[in-house]
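Student: coordinates only, sequence not included:
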Ligand SMILES: [Zn+2]
């Protein structure tokens with residue numbers, strides 16, 4: 001009997017498991033990331049964010065504030081190349097709505113929070 005034409009029962013079980021897993025994961029892989037709930041910024045965090053914005057520390061790629069701003073760590077970057085100094089020289093973005101913004105503070109978020117409270121910054 002030619003060996004290449006037989007199906008090992010374990011191979012078939014593995015194929016079934018992989019097919020089931022792919023079926024279960026397919027909807028999650030194609031949908032946009034869910035909006036992660038983030039607690040509101042504290043007054044101190046708003047002040048710190050305002051200082052960073054004033055100092056021009058926003059990320060060059062996403063225009064927000066986050067750890068690793070303007071580096072390959074920016075979650076807006078889908079792919080890119082860095083030079084010998086670790087500077088991103090070529091890059092592509094994730095499409096709008098399909099990247100993780102849960103750890104980024106945007107300038108609009110800071111201003112919006114102040115307006116919602118209706119308080120003057122102290
Ligand atoms: Zn960024």
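Tutor: It's in. None of these values were measured; they are calculated from a predicted model.

Student: sec struct for the most centrally placed residue in the chain, please.
Tutor: The residue lying closest to the centre of the chain (CA atoms, centre = their mean) is residue 100, at 2.5 Å. Secondary structure state of residue 100, per DSSP: H, G, I helix; E, B strand; the rest coil, is coil.

Student: please name the nearest non-neighbouring residue to it.
Tutor: Setting aside the residues directly before and after it, residue 100 is nearest to residue 75 in space (CB to CB, 6 or more residues apart in numbering), at 4.7 Å. For every residue, glycine as well, the C-beta is placed using N, CA and C.

Student: contacting residues for the one you found?
Tutor: By CB atoms under 8 Å, 6 or more residues apart in numbering, the residues touching residue 75 are 62, 66, 94, 99, 100, 101, 103, 104.

Student: just to revisit the earlier point, now do the residue nearest to the centre of the chain against the ion, distance only.
Tutor: With distances defined as CB to the ion, to the nearest Å, the gap from residue 100 to the ion amounts to 11 Å.

Student: what about the strands in this protein?
Tutor: With DSSP state E, the ranges of strands along the chain come out as 64-65, 77-82, 88-93, 105-106.

Student: what does the last one contact?
Tutor: So the one you mean is strand 105-106. With contact meaning CB under 8 Å, 6+ apart, strand 105-106 is reached by 41, 45, 49, 63, 64, 65, 66.

Student: the second one too?
Tutor: With CB under 8 Å, 6+ apart as the contact definition, strand 77-82 has outside contacts at 61, 72, 88, 89, 90, 91, 92, 93, 94, 99.

Student: leaving out chain neighbours, which residue sits closest to residue 61?
Tutor: Using CB to CB, 6+ apart and skipping the chain neighbours, the partner closest in space to residue 61 is residue 74 (4.4 Å).
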